[in-house]
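Colleague: fold the stuff below for me.
(chains A and B, ligands or ions: 2)
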Amino acid sequence: MDRTIHVHHLSMTYRVPVRQEGLGAALRSLIHRSYRELAAVDAVSFDLFAGEIVGFIGPNGAGKTTTLKMLSGILHPTGGDADILGFQPWKRQPAFLRRIAIIRGSQPIGGPVELTVMDSLRLQQLIYDVDDRAFKRNLGQLNAMLDLRTLLDRQIRALSLGERMRCGLALNLIYRPEVLFLDEPTIGMDASVVETTRQFIAAYCQETAATVLLTSHYMADVERLCRRVILMDKGTVRYDGDLRTLSERLSPYKILRVSLVGAKALDLSSFGEVDEAENGTYDIRVGRRDVPSVTARLLADFPVTDLAVLEPPLDRVIDRAYRTGVA
Amino acid sequence: MKLLRLSCAIFAMSLKADLAHRSNILFQVLLSLAAAGSSLITVQIIFSRTDHLGGWTLHEAVILFGTFTILGGILLTFVEPNVLWFHQRVIAGQLDEVLVKPAPSLFLLSLGRHAPLGLVQAVIGAVIVAWGISLSGDAFPVWRGLVWLTLLAVAAVITWVTRVLVALISLWVPGLALDVVYDGAWQFGRYPVTMYRQPARFVLTWVLPVAFITTVPARALTRGVSPQLLGASLAFGFVAIMILRLVWMSGLRRYTSATS
Ligand SMILES: Nc1ncnc2c1ncn2[C@@H]1O[C@H](COP(=O)(O)OP(=O)(O)OP(=O)(O)O)[C@@H](O)[C@H]1O
Ligand SMILES: [Mg+2]
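Modeller: Ligands and ions are numbered 1, 2, ... in the order given. A predicted model of the protein is given here:
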């Protein structure tokens, strides 16, 4: 497979002015400003192969957005190197910029807001040198997947958040970028729009074999779209690999879901911590290694009608890992 | 070439958006007429007491004011929509969008948005210039008109450069908006710089180059211009573009986007 993205010891240290309390300190800082160095990204390395969709996760302030900004050429790193499709991103060569897109849920659309969506698409066509045939074909496909028909003649200024995101996707995909950086693409959307957006991203990637680095705080996004994740915390990569393996590593237990005959409440706490119990169905947390023995004892001692072994919900696992720190 | 096509497209699209609101057009026409009218009355009043202003006669002063009005229209149409709230766009990290596009960032940033209705003012300016010419009763050779147009183009470039430079200051001093200062300096362009004494005249020629923006083109139309001054103007315009590019490139190095 081809390596599309190669990141080597990439670092970004922001210089942030320190503001002291009090007017006197503020006046003094006019003459002598003091700065604090903030290592937002610290020697991060990873590779992405062509066609991969990789989840880029981590708690707030981990350095995800900063990394995506460097990889899309917005920021010049303070250290390290990156190679995407044979280009160094922050040189911002047009040939590179034509082949990538960064789409951010926090500001999906840039550019003049008084233009209509269709005019903005036409402008993108000119900026990205898309020929008419490709433009028509791509627009047709995006239209089918994002249902843009009713939006095309609306002004960007007047779009709702969800509509804005749909148009933002269309504007950035009309030139068929091969590498996508998606920064929280589903932020602030209602449940059904989130689902269509996920479907759309999956469909687009299947269609175009784009390479994607996707940031999201919704584990459902990541579970749905990515097999591999890169987990960042405090500016460094803490995990890079299979999503399943990560959840296994982070949670040393599984969930045993047992259904028993009769709705009588039973005390099963001797088998493990009982998470939920209703109508005779119990979720018991059991250490991974103990699953076979506990299952055997349950089956022997209780009138079990159904039994399933489940992975704990990913968002809970991740949430715990974020809070307690990632090993 | 690509930039020209892009400009035309942006202009046409913005015009379409502007035309959607008929009241906007009416308002813009009235506003521009009122502004031009009141200034012309001021010129008349000044010339009712004297027949020379810094060595300029009435019809020359009218032509100067027309030129000033045309450039104001160009500023309003092509530059202002881009630099308005520039310091806030810097703070909000909105330069990002410009940086990821495969077209010159300085172009997208400073000429990527148009407000076509501003051209109403430019048209009024052209009418004023024509009126000034008719006032003089002289015959104006065609070549003078051509030189005037050339110098007008140089003036437009200098206007663009200086206005964008003022906006770019916020890359070094975040939150500092000198828009009002620029507007103030801009008003010096109404009158010939010869009206001012040294060192004000020097400042208005080389530091705040309002001389190149209005005095020089207007003088070229009324009395002709020496090849040296024409050359100096062209050179000044060229140097201005180079300076803007340098400043933009070094300002960009300071830009660290915003947090989200
Ligand atoms: N432009 C900036 N100037 C100064 N500090 C910044 C800037 N952008 C980000 N930071 C700091 O760098 C760190 C990493 O920020 P970043 O936005 O990359 O995190 P993130 O992983 O995207 O977080 P989130 O999940 O909240 O979006 C944070 O501590 C943030 O405060
Ligand atoms: Mg972020």
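
Colleague: Three-state assignment for A:Ser270, please.
Modeller: Here A:Ser270 is recorded as coil under DSSP: H, G, I helix; E, B strand; the rest coil.

Colleague: so which strand or helix has the residue of chain B found nearest chain A?
Modeller: Nearest residue of chain B to chain A (C-beta to the nearest C-beta) works out as B:Glu97 at 2.6 Å. The C-beta positions use only the backbone N, C-alpha and C, and glycine is treated the same way. Here B:Glu97 sits within helix B:96-99, counting by DSSP states H and E.

Colleague: so how far is that helix from its chain's centroid?
Modeller: Mean C-alpha position of helix B:96-99 versus that of the full chain (C-alpha atoms, centre = their mean, to the nearest Å) differs by 25 Å.

Colleague: for the helix or strand just after it, buried residues please.
Modeller: Downstream of helix B:96-99, the next assigned helix or strand under DSSP H and E is helix B:105-111. By neighbour count with 16 or more other C-beta atoms under 10 Å in any protein chain shown, helix B:105-111 contains the buried residues B:Ser105, B:Leu106, B:Leu108, B:Leu109, B:Ser110, B:Leu111.

Colleague: same question for stretch A:197-208.
Modeller: For stretch A:197-208, by 16+ other C-beta under 10 Å, it's A:Thr197, A:Arg198, A:Phe200, A:Ile201, A:Tyr204, A:Cys205, A:Thr208.

Colleague: these into JSON lines, with extra columns for secondary structure, pLDDT and distance to chain B?
Modeller: Shown next, in JSON lines, are the buried residues of stretch A:197-208 (DSSP: H, G, I helix; E, B strand; the rest coil; pLDDT from 0 to 100; distance: C-beta to the nearest C-beta, whole Å):
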{"residue": "A:Thr197", "secondary structure": "helix", "pLDDT": "89", "distance to chain B": "19"}
{"residue": "A:Arg198", "secondary structure": "helix", "pLDDT": "92", "distance to chain B": "22"}
{"residue": "A:Phe200", "secondary structure": "helix", "pLDDT": "91", "distance to chain B": "21"}
{"residue": "A:Ile201", "secondary structure": "helix", "pLDDT": "93", "distance to chain B": "19"}
{"residue": "A:Tyr204", "secondary structure": "helix", "pLDDT": "92", "distance to chain B": "18"}
{"residue": "A:Cys205", "secondary structure": "helix", "pLDDT": "92", "distance to chain B": "20"}
{"residue": "A:Thr208", "secondary structure": "helix", "pLDDT": "91", "distance to chain B": "18"}
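
Colleague: from these, pick the one nearest B:Glu80.
Modeller: Distance to B:Glu80 across the buried residues of stretch A:197-208 (C-beta to C-beta) is lowest for A:Thr197, with 36.7 Å.

Colleague: can you dump the C-alpha coordinates of the helix holding B:Glu97 into CSV?
Modeller: C-alpha atoms of helix B:96-99 as CSV (Å, rounded to 0.1, in the frame of the first residue of the first chain):
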residue,chain,number,x,y,z
ASP,B,96,-7.4,29.9,7.8
GLU,B,97,-9.9,29.6,4.9
VAL,B,98,-7.7,31.7,2.7
LEU,B,99,-4.6,29.8,3.4
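
Colleague: hang on, the earlier thing: and the buried residues of stretch A:197-208 as CSV, adding distance to A:Leu30?
Modeller: Putting the buried residues of stretch A:197-208 into CSV (distance: C-beta to C-beta, whole Å) gives the following:
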residue, distance to A:Leu30
A:Thr197, 47
A:Arg198, 50
A:Phe200, 51
A:Ile201, 48
A:Tyr204, 51
A:Cys205, 51
A:Thr208, 53
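
Colleague: and B:Leu53, backbone torsions?
Modeller: Main-chain torsions, B:Leu53, degrees, to the nearest 10: phi -130, psi 100.

Colleague: helix, strand or coil for the nearest residue to B:Ala177 once chain neighbours are set aside?
Modeller: Distances taken as C-beta to C-beta, 6 or more residues apart in numbering or on different chains place B:His87 nearest to B:Ala177, at 4.8 Å, with adjacent residues excluded. When classified by three-state DSSP, B:His87 comes out as helix.

Colleague: so what's B:His87 up against?
Modeller: B:His87 makes contacts with B:Ala167, B:Ser170, B:Pro174, B:Gly175, B:Leu176, B:Ala177, as judged by C-beta atoms under 8 Å, 6 or more residues apart in numbering or on different chains.

Colleague: distance-wise, check the residue of the stretch 101-250 of chain B found nearest ligand 1 relative to B:Ala258.
Modeller: Per C-beta to the nearest ligand atom, B:Pro174 is where the stretch 101-250 of chain B lies closest to ligand 1, at 10.9 Å. From B:Pro174 over to B:Ala258 the distance is 11 Å, taken as C-beta to C-beta, to the nearest Å.

Colleague: all strands for the stretch 101-250 of chain A, in order.
Modeller: Assigned by DSSP state E, counting those that start in this stretch, the strands in the stretch 101-250 of chain A fall at A:179-183, A:211-215, A:228-233, A:236-242.

Colleague: likewise the stretch 101-250 of chain B?
Modeller: Taking DSSP E, counting those that start in this stretch, the stretch 101-250 of chain B contains no strands at all.

Colleague: up against chain A, what does it have?
Modeller: Applying C-beta under 8 Å from any C-beta of the partner chain, we find that the stretch 101-250 of chain B lies next to chain A at B:Lys101, B:Pro102, B:Ala103, B:Ser105, B:Leu108, B:Gly112, B:Arg113.

Colleague: where in the stretch 201-327 of chain A is pLDDT low?
Modeller: Low-confidence segments of the stretch 201-327 of chain A, defined by pLDDT under 70: A:263-264, A:325-327.

Colleague: now the helices for it?
Modeller: A:219-225, A:243-250, A:291-301, A:314-324 (DSSP state H, counting those that start in this stretch).

Colleague: what about A:Asp275, neighbour count?
Modeller: For A:Asp275, the count of nearby residues is 14 (other C-beta atoms under 10 Å in any protein chain shown).

Colleague: also B:Arg223?
Modeller: Other residues near B:Arg223 number 11, with proximity taken as other C-beta under 10 Å.

Colleague: what's near enough to touch it?
Modeller: Applying C-beta under 8 Å, 6+ apart, we find B:Arg223 in contact with B:Glu60.

Colleague: try 10 Å
Modeller: Contact analysis of B:Arg223 by C-beta atoms under 10 Å, 6 or more residues apart in numbering or on different chains lists B:Gly55, B:Trp56, B:Glu60, B:Arg144.

Colleague: tell me the one of those residues nearest A:Leu310?
Modeller: When those are compared for distance to A:Leu310 (C-beta to C-beta), B:Arg144 wins out at 87.5 Å.

Colleague: was I right to think that closest one contacts B:Ile63?
Modeller: No. Judged on C-beta atoms under 10 Å, B:Arg144 makes no contact with B:Ile63 at a distance of 11.2 Å.

Colleague: who has more neighbours, the two?
Modeller: Set B:Arg144 next to B:Ile63 and count neighbours by other C-beta under 10 Å: B:Ile63 wins out with 28 against 15.

Colleague: other SSEs contacting the strand or helix carrying the more buried one?
Modeller: Using DSSP H and E, B:Ile63 maps to helix B:58-74. Helix B:58-74 sits against helix B:22-49, helix B:119-136, helix B:142-172, helix B:179-186, helix B:216-223, with contacts defined as 3 or more C-beta pairs under 10 Å, 6 or more residues apart in numbering or on different chains; DSSP states H and E.

Colleague: can you add mean pLDDT and give these back as CSV?
Modeller: Below are those laid out as CSV (pLDDT from 0 to 100):
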stretch, mean pLDDT
helix B:22-49, 83
helix B:119-136, 89
helix B:142-172, 91
helix B:179-186, 85
helix B:216-223, 83
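
Colleague: need the winner for burial among the ones you listed.
Modeller: helix B:216-223 (a mean of 24; mean count of other C-beta atoms under 10 Å in any protein chain shown).

Colleague: what's the angle between that helix and helix B:119-136?
Modeller: Relative orientation of helix B:216-223 versus helix B:119-136 (axes from the mean of the first three to the mean of the last three C-alpha atoms, to 10 degrees): 30 degrees.
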